[in-house]
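Enquirer: Sequence and predicted structure below; questions after.
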Amino acid sequence: MPLFKSLPLRKKMILLFLLISSTVLTLATTGFAINDWHDSRLQVTENLRSQADIISHNAIAALTFEDPESVRITLESLENVRNIVLAVVYDADKHIFAQYSPKGYSAPPLPDSLEGELNRTLYVIRPVKVDQETIGFTLLLSDLSYLKKRQIDQISIAFVVFLLSLIVALVLSSVAQNIITRPITQLASTARKITRTQNYQLRVRNRSRDEIGSLAADFNQMIEQIQTRDNELQDASQLLEKKVKDRTAELLRLTEQLEHQAFHDNLTGLPNRSTFDNQLNAAINYACRQGEQLTVMFLDLDRFKDINDTLGHDMGDQLLIELSSRLKNSLRASDTLARLGGDEFAILTVNTSQHHATNIAAKLVDEIKKPVIIGDLNLQVTTSIGISIYPQDGTDATTIVKHADTAMYSAKAAGRNQFNFFDKQMNIHSERRIQLAQKLRHAIDNNLFQVYYQPKWCTRRSVMVGVEALIRWFDTEEGAISPEEFIPLAEDQGLIGQIDQWVMNQSCRDILQLHQQFGHKLQLSVNFSPAHFIRHDLYNRIADVLTQTGFPGTSLDIEMTETVMAAENDSLLKQLDQIRTLGIEISIDDFGIAYSSLSRLKRLPLNTLKIDRSFIRDIGRDHDDEIIVKTIIDMAHNLNLKVVAEGVETQEQLTFVTQYNCDQVQGFLFSPPLPLEKISALMQAQASAQLNEP
Ligand SMILES: Nc1nc2c(ncn2[C@@H]2O[C@@H]3COP(=O)(O)O[C@H]4[C@@H](O)[C@H](n5cnc6c(=O)[nH]c(N)nc65)O[C@@H]4COP(=O)(O)O[C@H]3[C@H]2O)c(=O)[nH]1
């Protein structure tokens, strides 16, 4: 049975067909054979009966007259009757009376029953009667071998027919199975193919309209649904795959960005402080093992805060980007350049001698000094660099960085635009800055400042026409502290606003006294740090001072550094215009050292240019500076601006600037900054002299 179950449907059907056909044929043949056998026996028996009746009738006389010869002759007449192998007539006592045996059969004793089978022969006994009296018996024996032979022949024929029928049945069943199972086989093979190839476009060819046809139609419909779902699934999976891919890429990008942001500065893309610290620590460990030197440079842009405050942060950012790239291009790939924040950069160079560090620092100072052109601005920035060397200036990262920072401040204090190597003395300066900052706060809170005034002389008339208010700080412990030292500190510490406000207030009161005393409108110049211009209430604050003090705006001059002038800034322009409505004049201080945009000069509402004293100082020594001074004077006059030469110390310098029609001069040649009483005395003297003039 398991073998049958595992057979393909086609073979199962053929086998079943054959089984059914052979069973039916066998049953039919057997039925026919049995029937035929019975019929034949019946016929033979019938024949024997009628022959026996005839013989019995004919033997009456012979038995009556005891004439066996005549019975024998009668019996011999059976010669033509087929199959009779023995004919015997018995007398009443069942003794053989006569017999006929064509095949030598011997007569058996007379059986008891009238019909039956004896020694594979059929026999029939008929009594010979006369008037109801039995006078003898007739026995006829018929041989069955003929019948059997016929039976065998028939069975043989039936067997052949059986075999032929089987062959026909085989052919027919094969055709039948082909008709029935082929669609099913196709269905199965299509299903297998679809499973194997996942090709849901395959369909079963459906020609019939029977159950298999509808099964195939249902199958096709089912595959169609699966195909639709598969397509939807594939679309969804593709979409999902794409989304997962996009998401993964996005995550990767974000991770990289976050990693980059964690270790780099956003604006310049340079490593940040934490990366620098890590690299420095690693470099120190390596240098320690190898016995090498390494150098840390701390770099800070000079007056960058002014640029940021006046030109705006966007401009400051662009400048930082440009300068970062310059720095990077000036260094080797093995050097680390990091932005620590604001305008502070740090550089780590490994295995570097002091000589090599000097070359690098000098190169960086020069690179930064080169003009930067952003839009129509031509900016010039300088930098101060502090350098410390491992292991001589420190053996751990914190100390080395701190010492480079200290050296940088020392470079700034020494006049900026230079580099300085750390030396132990500088620590004293660093501590000094901290101590000074504390003192400065105390001085502001307690009004511990004074204002000195430095006269400005008119070159044409040789009279004092104005004064510049300059703050003075006389500390009880250490005496006078120079503004050169504490003003940058105040700017750094965000204290300059309070200082300038105080100076303006005080000087307005002071000079108003002189106005009242001498009836002469001496012009007052006050210094204004660029930081003021980022506050939009500057106009109000100045107006308030004028209102509170009663000082005439027309006698006030505000000095701002050249960095302010470079601002492409509508707000600044607006503020300056507003301030000018108060009658106030505006001067550019220290002109010539930073910006040189002529178009900006023309656009801003200015009154005066003050030539930086570094140009005046070298008159008579540096021809270039002389040309610069002359050019500035010409240019200012062409722009309808007054020119003041500051820092005039010698007659030669005075002669030079006077020769080129400089309008005013200021400097030690005439007077250092003086307290109000001395200015008052000077004015007194001047007034007396004028009175004495012829
Ligand atoms: N070598 C030399 N120097 C001369 C000569 N004539 C004048 N000076 C000095 O040059 C400086 C002129 O002031 P500045 O250029 O505005 O430079 C000022 C100014 O930028 C700043 N400053 C002073 N007072 C104030 C203030 O009240 N507010 C602000 N924001 N800054 C101030 O501090 C700087 C230094 O001020 P000071 O030490 O008073 O130094 C003053 C003055 O003493 C000279 O012939 N030779």
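Expert: Thanks, I have the structure now.
Enquirer: C-alpha from now on. contacts and neighbour counts both.
Expert: Fine.
Enquirer: got the contact list for stretch 168-187?
Expert: 9-10, 13-14, 17-18, 21, 204, 206, 212-213, 216, 219 (Cα atoms under 8 Å, 6 or more residues apart in numbering).
Enquirer: I meant stretch 659-669, not that one.
Expert: Residues external to stretch 659-669 that are found in contact with it (Cα under 8 Å, 6+ apart): 454-460, 630, 633, 642-651, 654.
Enquirer: got a list of contacts for the helix or strand of the chain with the lowest mean pLDDT?
Expert: Sorting the helices and strands of the chain by mean pLDDT, DSSP states H and E puts helix 562-565 at the bottom, at a mean of 71. Residues from elsewhere that reach helix 562-565 (Cα under 8 Å, 6+ apart): 306-307, 310-311, 530, 588-595, 600-601, 604.
Enquirer: which of the contacts of stretch 168-187 tops the neighbour count?
Expert: A216 (23 neighbours; other Cα atoms under 10 Å).
Enquirer: Which element is encountered next along the chain beyond the strand or helix carrying it?
Expert: Per DSSP states H and E, A216 falls inside helix 211-263. For helix 211-263, the following helix or strand on the C-terminal side (DSSP H and E) is helix 273-290.
Enquirer: Per-residue pLDDT of the residue of the stretch 351-500 of the chain found nearest the ligand, please?
Expert: At 3.7 Å from the ligand, L470 is the closest residue in the stretch 351-500 of the chain, using Cα to the nearest ligand atom. On pLDDT, L470 comes in at 97.
Enquirer: That one in helix, strand or coil?
Expert: Judged by DSSP: H, G, I helix; E, B strand; the rest coil, the three-state class of L470 is strand.
Enquirer: Counting neighbours, which of the contacts of stretch 659-669 end up buried?
Expert: In the contacts of stretch 659-669, burial by neighbour count holds for 454-459, 630, 633, 642-650, 654, counting by 16 or more other Cα atoms under 10 Å.
Enquirer: Tell me who's in contact with the residue in the stretch 501-650 of the chain positioned nearest to the ligand.
Expert: Relative to the ligand, the nearest point of the stretch 501-650 of the chain is G647 (3.4 Å; Cα to the nearest ligand atom). For G647, the contacting residues are 612-614, 616-617, 666-668, by Cα under 8 Å, 6+ apart.
Enquirer: before we move on, what about G213?
Expert: Contacts of G213 (Cα under 8 Å, 6+ apart): 183, 206-207.
Enquirer: Nearest spatial neighbour of E322, chain-adjacent residues omitted?
Expert: Nearest non-adjacent residue to E322, counting by Cα to Cα, 6 or more residues apart in numbering: V372, 7.7 Å away.
Enquirer: List just the nearest of the contacts of G213 to the ligand.
Expert: N206 (100.7 Å).
Enquirer: helix, strand or coil for the closest one?
Expert: Quick answer, by three-state DSSP: N206 is coil.
Enquirer: And the residue lying closest to R460 once chain neighbours are set aside, what's its pLDDT?
Expert: Nearest residue to R460, sequence neighbours excluded (Cα to Cα, 6+ apart): D663, at 7.1 Å. Listed pLDDT for D663 reads 97.
Enquirer: What distance do you get for D663 to the ligand?
Expert: In this view, D663 and the ligand are 16 Å apart by Cα to the nearest ligand atom, to the nearest Å.
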